[in-house]
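> The sequence and its predicted three-dimensional model are supplied below.
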Amino acid sequence: MWFSDYVFLERSWGKDERTLQSGFERLADFPMPFWLALFVEGTRFTQAKLQVAQEFAASRGLPVPKNVLIPRTKGFVSAVTHLRSFVPAIYDATVAVANSQPAPTFLRIFRGQSSVIKVLVERHSMQELPETADGIAQWCKDAFVTKDATLEKYFEKDIFSDKKLQDIGRPKMSLFVMIFWSSFLAYATVRLFQWLSLFLASWQVIAFSVAFLFLVTFIMQILIQSSESERSTPATNFTLSEGTRQSLLPK
């Protein structure tokens, strides 16, 4: 992540605001085309977190979500404010797994079992977004209300829209990168075992490998738990603009 220029945050806006600003400024003269991915919900979607979001929305008289969490807009506003002069558009991606399909998991991947995932991608020109911070935040909130309604329709009818599906094929570069790194890691693992066998007995090599994998798994679990959003503040002042409200009214 560090080599890929990820922006690391601490879930404290007093510290993160400057970190984001400096990260966005570095992108102004980035020598290659880039994508900046923003997960505005701020955490992984679970039923427990959805229930918390629904209770929060109901207590504030806000639109109660069914399929999304309430967006946290400070990072989004900061990104749009600093990037709009050289980033031409925002791509809003909505990901869904049909009720009839099993959800993708690491275990299914390791077993070679596939899952069907549908993605709706909508392009919004940066010029369409409001100029003020409050306007940008409201645009994001409206987008998530629309996204929630889109997902609700998908789960009912198993389709995002009546538009024709566009087959974009499979990128060959991603396959090449995966094969290269898989081969490199496999070679490095074999060489490591060969080197260890010079100093340790076979059972010691196996014990070392098991201990190393356990340590990696333990550290990853700690990192995953530390990335939860319990320490972050809830979204506030979530209102619905009149345009979005009218578009979601039953017809």
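It's in. Numbers count the residues shown, from 1 in each chain.
> Tell me where the stretch 1-150 of the chain has helices.
Along the stretch 1-150 of the chain, counting by DSSP state H, counting those that start in this stretch, helices occupy 13-27, 47-60, 74-83, 106-110, 133-157.
> now the third one: how far from the chain's centre is it?
So that's helix 74-83. In this view, helix 74-83 has its centroid 16 Å away from the chain centroid, taken as Cα atoms, centre = their mean, to the nearest Å.
> got a list of contacts for that helix?
When contacts are defined by Cβ atoms under 8 Å, 6 or more residues apart in numbering, helix 74-83 is touched by residues 9, 13, 16-17, 20-21, 24-25, 27, 36, 38, 40, 90, 126, 129, 133, 136-137, 140. All C-beta atoms are positioned from the backbone trio N, CA, C, and that covers glycine.
> Drop anything exposed from these.
Among those, the ones that count as buried by 16 or more other Cβ atoms under 10 Å are 9, 13, 16, 20, 24, 27, 40, 90, 129, 136-137, 140.
> Using CSV, list the CA coordinates for stretch 135-152.
Presented in CSV, the C-alpha positions along stretch 135-152 are these (Å, rounded to 0.1, in the frame of the first residue of the first chain):
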residue,chain,number,x,y,z
GLY,A,135,-23.1,21.5,-1.7
ILE,A,136,-20.5,18.7,-2.4
ALA,A,137,-21.4,17.0,0.9
GLN,A,138,-25.1,17.1,0.0
TRP,A,139,-24.4,15.8,-3.5
CYS,A,140,-22.7,12.8,-1.9
LYS,A,141,-25.5,12.1,0.5
ASP,A,142,-28.1,12.3,-2.3
ALA,A,143,-26.0,9.9,-4.3
PHE,A,144,-26.1,7.3,-1.5
VAL,A,145,-29.9,7.7,-1.1
THR,A,146,-30.2,7.0,-4.9
LYS,A,147,-27.7,4.1,-4.6
ASP,A,148,-29.8,2.6,-1.8
ALA,A,149,-32.9,2.8,-4.0
THR,A,150,-31.0,1.3,-6.9
LEU,A,151,-29.9,-1.6,-4.8
GLU,A,152,-33.4,-2.2,-3.5
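> Enumerate the positions of that stretch that are buried.
Neighbour-count burial for stretch 135-152, counted by 16+ other Cβ under 10 Å, picks out 136-151.
> cool, and stretch 189-204?
Within stretch 189-204, the residues scored as buried using 16+ other Cβ under 10 Å are Leu196.
> of all the buried residues of stretch 135-152, which comes closest to Lys66?
Proximity of these to Lys66 (Cβ to Cβ) peaks at Asp148, which lies at 6.0 Å.
> The closest one contacts Pro65, correct?
Yes: the pair Asp148 / Pro65 is scored as a contact, 5.0 Å apart, by Cβ atoms under 8 Å.
> could you list every residue that touches the residue nearest to Ser125 when sequence neighbours are not counted?
Distance criterion Cβ to Cβ, 6 or more residues apart in numbering; nearest residue to Ser125, sequence neighbours excluded, is Ala89 at 5.3 Å. Neighbour list for Ala89: 123-126 [criterion: Cβ under 8 Å, 6+ apart].
> Try it again at 6 Å.
By Cβ atoms under 6 Å, 6 or more residues apart in numbering, the contact list for Ala89 reads 123, 125-126.
> Nearest to Tyr187 among the residues you listed?
Closest to Tyr187, out of all of these and judged by Cβ to Cβ, is Arg123, at 41.1 Å.
> neighbours around that closest one, how many?
Arg123 has 10 neighbours, counted by other Cβ atoms under 10 Å.
> so who does Arg123 touch?
Arg123 sits next to 89, 91 when contact means Cβ under 6 Å, 6+ apart.
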